[in-house]
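1. I need the structure of the sequence given here:
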Amino acid sequence: MPQVMPQGMPQGMPQGMAQGMAQGMAQGMAQGMPQGMPQGMPQGMPTTTPTTIPPAVPTTIPTTIPTTIPTTVPTTIPLAISSAVPAAAAQTLPTASQPFNPAPKRRRRTLLLVLLLAGIGGGGAFWWQHTRPILPPGIAFSNGRLEADEIDIATKFAGRIDRVLADEGDHVRAGQVVATIDTRDLQASLAAAEAQIDQARHTIAQSQAELVSDGTQLKLAAQELARARQLVAKDFETREVLDQRQAGFDAATAAYHGTEAKIAAATAAMQAAIHSAELIRVNIADNVLVAPKSGPIQYRLANVGEVLPAGGKVFTMLDETDVYMDIFLPSPAAGKVRLGDEARIVLESGNEPIPATVGFIASENQFTPKMVETKQERDKLMFRVRIRIDPAWLKSAAAGAPAGQPGLGYIQLDPQTPWPDALRTPAPVASDPAS
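-> Residues are numbered from 1 along each chain as shown. Presented below is the predicted three-dimensional model:
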């Protein structure tokens, strides 16, 4: 008998169950229907096999199962059909009285997730315990982040941005031009001041020529006065002529001194114009914004064409020449720290220790900030200690020490306690005197 699946069978029925139902129904039809009928058929159906086949019953067995078979699955599985279904599948098949329950699968997934997280946590703890150097009693440590002072590059005067020569992330050197401000008004003022300087110089030259002429007149008046005095003494000249010669001498003297004062005034005016021009040049130079220190540009706060007030910020950069880490130590350890004590910094991005020294110790304790790893430590009153990276190391390091990197800071509380091998830094190379 061909095992043809009825077209009305549900799509989600297990394959073993469907095949068993198909075989039972086909066998029942071939033998006169009674033997393969399910137990749930109506009670009025005959229970014995007739000896003769009624005429209305076809004598040939159809090759396909009629399409009029009900498409719904009975709530109970017939015994004739269940015998064709594997025992294991029959025990696990859901029924109307026993709905499908996904809770065991969820519990298995939750258990696997918990085991996975526990494995990761255990592995992390193992890594932490075995990668962190074993410290002797004379060394204290805590975690922190590298920090660098922020420097704002701002305008000194109000003006319009003419050029922007740097962007966020660029590394600039001390003295490098990063932006310029429009200085056409200052250039015009500088030209006017230089013109005043030239005018004062011409005035001085003219006054100096007049001074020579006045000096000549003064010399002549002095000679005439001297002769008049001699003649009056010998009664060869009248007193009137002597008075005239005296008046001429006084006038020549006054003219001479007046020209000297004129020269002094022109010289002072020229000096004022020179200082004014120098001030304008300084203002023009101040409108060329340069990086005061070496370091990366962190933020660009203005664009070309924007008009900024006096003190308007254009860039914010980091000072890479002064990099430090703030760590927090409890009172017993902080009380042993002294300014200048040796320290080491180990970043998470690298295992090489960085030489540093203690540069600041807080005078008052405080609650530890959230960046400290454990809440137990955050709830304690701690002292902030700042350790600064050796400037010589910063100059020699090719990549420097990028701010924001997390790591651990170690402080040598007892100078007699040697550093562990993992925290030892190479001795500085002595410079060659011949070079």
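
2. can you check what pLDDT the model gives residue 51?
-> Model confidence at residue 51, expressed as pLDDT, equals 43.

3. what residues are up against residue 169?
-> Each residue near residue 169 by Cβ atoms under 8 Å, 6 or more residues apart in numbering is listed here: 296, 297. Every residue, glycine included, has its C-beta placed from N, CA and C.

4. please, which helix or strand holds it?
-> With secondary structure defined by DSSP states H and E, residue 169 is part of neither a helix nor a strand.

5. in the sheet, who's paired with residue 180?
-> According to DSSP bridges, the residues that bridge with residue 180 are residue 163, residue 288.

6. next, count neighbours for residue 363.
-> The burial count assigned to residue 363 is 7, neighbours taken as other Cβ atoms under 10 Å.

7. let me see the domain layout of this protein.
-> With domains defined by automatic domain parsing, the chain comprises 1-93, 132-148+321-420, 150-179+288-308, 184-286.

8. contacts only, for residue 394.
-> Counting by Cβ under 8 Å, 6+ apart, residue 394 has contacts 320, 321, 323, 400, 401.

9. if we use 6 Å, what do you get?
-> For residue 394, no residue counts as a contact, taking Cβ atoms under 6 Å, 6 or more residues apart in numbering as the criterion.

10. do the same with residue 304
-> Listed by Cβ under 6 Å, 6+ apart, the contact set of residue 304 reads 161, 164.

11. hmm, try it at 10 Å
-> In this structure, residue 304 makes contact with 160, 161, 162, 163, 164, 179, 180, judged by Cβ atoms under 10 Å, 6 or more residues apart in numbering.

12. name the nearest of the residues you listed relative to residue 416.
-> Distance to residue 416 across the contacts of residue 304 (Cβ to Cβ) is lowest for residue 179, with 53.2 Å.

13. and the pLDDT for residue 356?
-> Each residue has a pLDDT score; the one for residue 356 is 93.

14. can you give me the mean pLDDT across stretch 340-348?
-> Taken as a whole, stretch 340-348 has an average pLDDT of 91.

15. tell me which residues in it are buried?
-> Burial within stretch 340-348, assessed by neighbour count using 16 or more other Cβ atoms under 10 Å, is assigned to 341, 342, 343, 344, 345, 346, 347.

16. ok, now stretch 284-297?
-> When neighbours are counted by 16+ other Cβ under 10 Å, the buried residues of stretch 284-297 are found to be 284, 287, 289, 290, 291, 293, 294, 295, 296, 297.

17. cool, stretch 397-415 as well?
-> Of the residues in stretch 397-415, 400, 401, 403, 405, 407, 408, 409, 410, 411, 412, 413 count as buried by neighbour count, 16+ other Cβ under 10 Å.

18. okay, it in PDB with CA atoms only?
-> C-alpha atoms of stretch 397-415 as PDB (Å, rounded to 0.1, in the frame of the first residue of the first chain):
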ATOM      1  CA  ALA A 397      59.600  58.400  24.300                       C
ATOM      2  CA  ALA A 398      58.600  58.200  20.700                       C
ATOM      3  CA  ALA A 399      54.800  57.900  21.300                       C
ATOM      4  CA  GLY A 400      54.800  59.800  24.500                       C
ATOM      5  CA  ALA A 401      52.200  59.100  27.200                       C
ATOM      6  CA  PRO A 402      48.700  59.700  25.800                       C
ATOM      7  CA  ALA A 403      46.300  61.200  28.300                       C
ATOM      8  CA  GLY A 404      43.200  59.200  29.300                       C
ATOM      9  CA  GLN A 405      45.000  55.800  29.400                       C
ATOM     10  CA  PRO A 406      44.100  53.800  32.500                       C
ATOM     11  CA  GLY A 407      46.800  52.100  34.500                       C
ATOM     12  CA  LEU A 408      48.300  51.500  37.900                       C
ATOM     13  CA  GLY A 409      50.500  53.800  39.900                       C
ATOM     14  CA  TYR A 410      53.100  52.500  42.300                       C
ATOM     15  CA  ILE A 411      54.900  54.500  45.000                       C
ATOM     16  CA  GLN A 412      58.100  53.400  46.800                       C
ATOM     17  CA  LEU A 413      57.200  54.200  50.500                       C
ATOM     18  CA  ASP A 414      60.600  52.900  51.800                       C
ATOM     19  CA  PRO A 415      63.800  53.800  49.900                       C
END
